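Novice: Just to be clear, the model below is a prediction. Sequence and coordinates:
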Amino acid sequence: MGRQDNECCEEVRHDELQVQEAQQALVDALTAERMAQTFRALADPTRVRILSALTKTELCVSDLAVVLGMSISAISHQLRLLRGLRLVRRRRAGKHIYYALDDEHVRDLFERGLEHVQHE
């Protein structure tokens with residue numbers, strides 16, 4: 001029977017310098033949880049499509065519903081979640097509420113993720 005490819009080293013040992021570097025780079029539990037929540041939000045194709053629509057311009061809920069071919073209530077539900085995670089922000093203008101990416105960090109995160117999946 002051939003050698004199985006697994007995720008473990010064949011020899012149990014560690015490099016103290018590499019371990020120290022990794023420990024210094026390790027994020028705390030709260031930061032890890034916040035990042036996990038952000039990536040869970042991005043695990044939904046509808047939310048990714050909403051973010052992609054908002055990369056170029058701010059849009060109101062009804063505009064997003066038309067762009068995505070979905071109901072206003074479905075879009076509102078997704079926007080509420082995205083806003084709670086600070087991925088989008090809203091701005092009131094009279095009777096309309098416009099949504100945009102929260103900041104350049106969100107735009108960069110989205111664009112980097114897109115580059116990654118489109119890279120061959």
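Specialist: That came in fine, so what should we check first? Residues are numbered from 1 along each chain as shown.

Novice: pLDDT-wise, which helix or strand of this protein ranks last?
Specialist: helix 16-25 (a mean of 91; mean pLDDT, DSSP states H and E).

Novice: Report the next helix or strand after it in sequence order.
Specialist: Next helix or strand after helix 16-25 toward the C-terminus (DSSP states H and E): helix 29-41.

Novice: CA atoms of the next helix or strand after that next one as PDB?
Specialist: Using DSSP H and E, the next helix or strand after helix 29-41 towards the C-terminus is helix 45-53. The C-alpha coordinates for helix 45-53 follow below in PDB (Å, rounded to 0.1, in the frame of the first residue of the first chain):
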ATOM      1  CA  PRO A  45     -23.400  34.400  -3.000                       C
ATOM      2  CA  THR A  46     -26.200  37.000  -2.700                       C
ATOM      3  CA  ARG A  47     -24.200  39.100  -0.200                       C
ATOM      4  CA  VAL A  48     -21.100  38.900  -2.500                       C
ATOM      5  CA  ARG A  49     -23.200  40.100  -5.400                       C
ATOM      6  CA  ILE A  50     -24.600  43.000  -3.300                       C
ATOM      7  CA  LEU A  51     -21.000  44.000  -2.500                       C
ATOM      8  CA  SER A  52     -20.000  43.700  -6.100                       C
ATOM      9  CA  ALA A  53     -22.800  46.000  -7.100                       C
END
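
Novice: what about helix 45-53, average pLDDT?
Specialist: The average pLDDT for helix 45-53 rounds to 97.

Novice: I'm done for today, thanks for sticking with me.
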